[in-house]
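Student: Predicted model and sequence below, questions to follow.
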Amino acid sequence: MKRHVLFTACLMSVSLALGQGQSSTPYQPAVPPPSMGGYGGGGFGFGLGGGVGSTVQGSAMTGMANAISAKGSYNLSTSAAAVNMTQAQKQEIENHQQYTNTYFDMRATNKAARAAEDGPRVTAEQVARMAHEAAPKPLSPGEMNDLTGKLNWPEAFQMDTFTADRKKLEDLFVSSSQIGTMNYADQSKARVIINDMNKLLKAQIKSIPGPVYVTCKKFLESLMFTAAKCHLG
């Protein structure tokens, strides 16, 4: 009879311990309750007399109750850890989603800002027209006489610095006008001479006014295109 009473008291103690983990309030991380003390020694006295360990049976029942309580606490801790881990994973997913949304929002904002700064896109027709305008053009009739091959040099090229190269090119163009075309050997000579004149022009860029320099540069580009159908080196 005494053992039956002790066993019933032990089960009541375990029920109280497990019952404390149930609540209708929103979830809070669960923590096992503190130890409730030895059976019959202070926490729960049922009038059976004696403290913990006063009898062999009492000590045995106390040990059993403590083991059951520890098992309940372990289960509660394991459950709480699982819930807490789930909450942490959910928060991590939400944080990652927020980061992703922010990243793409920033990209869209930057793209819109660049589009506003760049203005309307250039059409294919506009690109073709700009390329045509930027391409070098042959010498105009005012710059070269097609019949005689005589060149009308810009004023800056009349300086003594360009005299030797100017004379060589004039001879090549006069010769090519007589036969109607410039052969490959003469084209190669013309390319070398024109590039040399371009280097001399660049060397004097600080002493030549800007508009004059631009005029001379364009003349050399047209001269090169007329002689060898290529660009300045």
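Tutor: The structure has been received and is ready for your questions. Residues are numbered from 1 along each chain as shown.

Student: Please report the residue range of the longest helix in the chain.
Tutor: In the chain, taking DSSP state H as the definition, the longest helix is helix 56-118.

Student: From the chain's centroid, how far away is that one?
Tutor: Between the centre of helix 56-118 and the centre of its chain there are 30 Å (CA atoms, centre = their mean, to the nearest Å).

Student: With stretch 159-171 instead?
Tutor: Averaging C-alpha positions (CA atoms, centre = their mean) puts stretch 159-171 55 Å from its chain's average.

Student: Same question for that stretch: list its buried residues.
Tutor: Neighbour counts over stretch 159-171 (16 or more other CB atoms under 10 Å) mark 162, 165-166, 168-169 as buried. Yep, even glycine has a C-beta here, placed from its N, CA and C like the rest.

Student: Assess the claim that I194 and F225 are in contact.
Tutor: No. Using CB atoms under 8 Å, I194 is not in contact with F225; the gap is 9.9 Å.

Student: More neighbours: those two, which one.
Tutor: When neighbours are counted by other CB atoms under 10 Å, I194 and F225 differ, and I194 comes out ahead with 24 against 18.

Student: For the host helix or strand of that one, which outside residues touch it?
Tutor: Secondary structure from DSSP states H and E places I194 in helix 184-203. Outside helix 184-203, the residues within contact range by CB atoms under 8 Å, 6 or more residues apart in numbering are 156-157, 161-162, 165-166, 168-169, 172, 175-176, 182, 208, 213, 216-217, 220, 223-224, 227-228, 230, 232-233.

Student: buried set for stretch 111-127?
Tutor: For stretch 111-127, burial by neighbour count (16+ other CB under 10 Å) applies to no residue.

Student: Could you give the average pLDDT over it?
Tutor: Regarding stretch 111-127, the rounded mean pLDDT is 73.

Student: what's the offset of it from the middle of its chain?
Tutor: Stretch 111-127 sits 22 Å away from the centroid of its parent chain (CA atoms, centre = their mean).

Student: What is the end-to-end distance of it?
Tutor: The first and last residues of stretch 111-127 sit 22 Å apart, counting by CA to CA, to the nearest Å.

Student: Same check on stretch 174-191?
Tutor: Taking CA to CA as the measure, stretch 174-191 stretches 16 Å from start to finish.

Student: buried ones in that stretch?
Tutor: So stretch 174-191, judged by 16+ other CB under 10 Å, has buried residues 176-177, 182, 186-187, 189-191.

Student: any idea of the mean pLDDT for it?
Tutor: 93.
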